[in-house]
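1. Predicted model and sequence follow; I will ask about them next.
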Amino acid sequence: MTLTKDSDPANLPVGVEPIHSTLDSAIAAWSSAEWAHTQSHSSAPPPWDAEHLIEDHILPHLDPVFVDFFVNVIAKRPPAHTIPLEEARKNPEILRPQIALDSLSGEYERVQDHEVVSKDGEKFTVRVYHPDPAKFGEGPYGLHLNFHGGGFVIGDLHCEAQLCLSMREAGVVVVDVDYRLCPEVGEVGKCFEDAWAALNWVCLPSPSPPFHRTLHVLI
């Protein structure tokens with residue numbers, strides 16, 4: 001059997017072992033009703049091996065390291081549509097990617113949060129990553145404005161922090177935008193208003209952003 005993004009969640013294997021401590025605690029938070037539904041509709045679960053999870057004509061062309069990661073990590077993650085949104089909000093680790101991290105933990109230098117005011121007066125957070133001036137000088141720097149994925153429903157500043165840290169190593173300032181999510185915000189368009197406010201925040205003269213005097217080009 002081959003699992004794809006369209007596979008019926010009722011056919012997912014029962015009793016999947018947690019893959020690491022963070023996901024372990026997150027899976028433990030799943031409602032018993034969700035597990036009961038999965039178990040009651042399950043047929044014989046497919047083996048967790050590459051031959052059953054990856055198409056035959058694709059498998060030989062994949063790096064063994066990726067295959068191992070796919071089989072033992074990605075394939076064992078619960079599909080997003082099987083997790084109640086309330087649970088995802090209480091335990092965001094459930095849907096975060098494996099590379100997610102808290103870049104404001106104190107481990108990383110030149111990372112700082114700022115508040116931006118959106119069109120309706122509500123505030124949201126942007127996280128600014130500065131390149132190392134010892135490597136790249138004092139500027140001017142280029143700038144990358146980052147909007148995480150998640151269909152405007154899931155995602156946060158942890159999800160693409162690794163990417164932001166990597167991009168600043170190219171000598172650019174990275175601004176990661178924690179735009180508001182649906183359905184709590186009420187309207188899908190609010191996320192676009194937040195995005196526009198973030199763009200104005202980095203471009204228009206203001207005493208708040210720490211890079212206006214060094215901003216050279218927006219990419």
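-> Here it is on my side, so go on.

2. Report pLDDT for R110.
-> With respect to pLDDT, R110 scores 95.

3. Phi and psi next, for it.
-> Per-residue torsions, R110: phi 60, psi 40 (degrees, to the nearest 10).

4. Give me the neighbour count for the nearest residue to it once chain neighbours are set aside.
-> Nearest non-adjacent residue to R110, counting by Cβ to Cβ, 6 or more residues apart in numbering: H130, 3.9 Å away. (C-beta placed from N, C-alpha, C; glycine too.) The number of residues packed near H130 is 19, by other Cβ atoms under 10 Å.

5. correct me, but H130 touches E169?
-> No - judged on Cβ atoms under 8 Å, H130 makes no contact with E169 at a distance of 11.3 Å.

6. How much space separates the residue nearest to R110 from H144?
-> Separation of H130 from H144 (Cβ to Cβ, to the nearest Å) stands at 12 Å.

7. Quick check: neighbours shared by those two?
-> Residues within reach of H130 and of H144 at once, by Cβ atoms under 8 Å, 6 or more residues apart in numbering, are V173.

8. what helix or strand does E115 sit in?
-> strand 111-117 (DSSP states H and E).

9. I misspoke; the intended subject was C159.
-> Applying DSSP H and E, one finds C159 in no helix or strand.

10. ok, now the one 4 residues further on?
-> When elements are defined using DSSP H and E, L163 is found to belong to helix 161-168.

11. and the very next helix or strand once past that helix, what does it pack onto?
-> For helix 161-168, the following helix or strand on the C-terminal side (DSSP H and E) is strand 172-178. Applying 3 or more Cβ pairs under 8 Å, 6 or more residues apart in numbering; DSSP states H and E, one finds that strand 172-178 contacts strand 123-129, strand 141-147, helix 161-168, helix 189-203.

12. how far out from the middle of the chain is the longest one?
-> Think helix 189-203. On the basis of Cα atoms, centre = their mean, to the nearest Å, helix 189-203 sits 19 Å off its chain's mean C-alpha point.

13. Right, I'll call it a day here.
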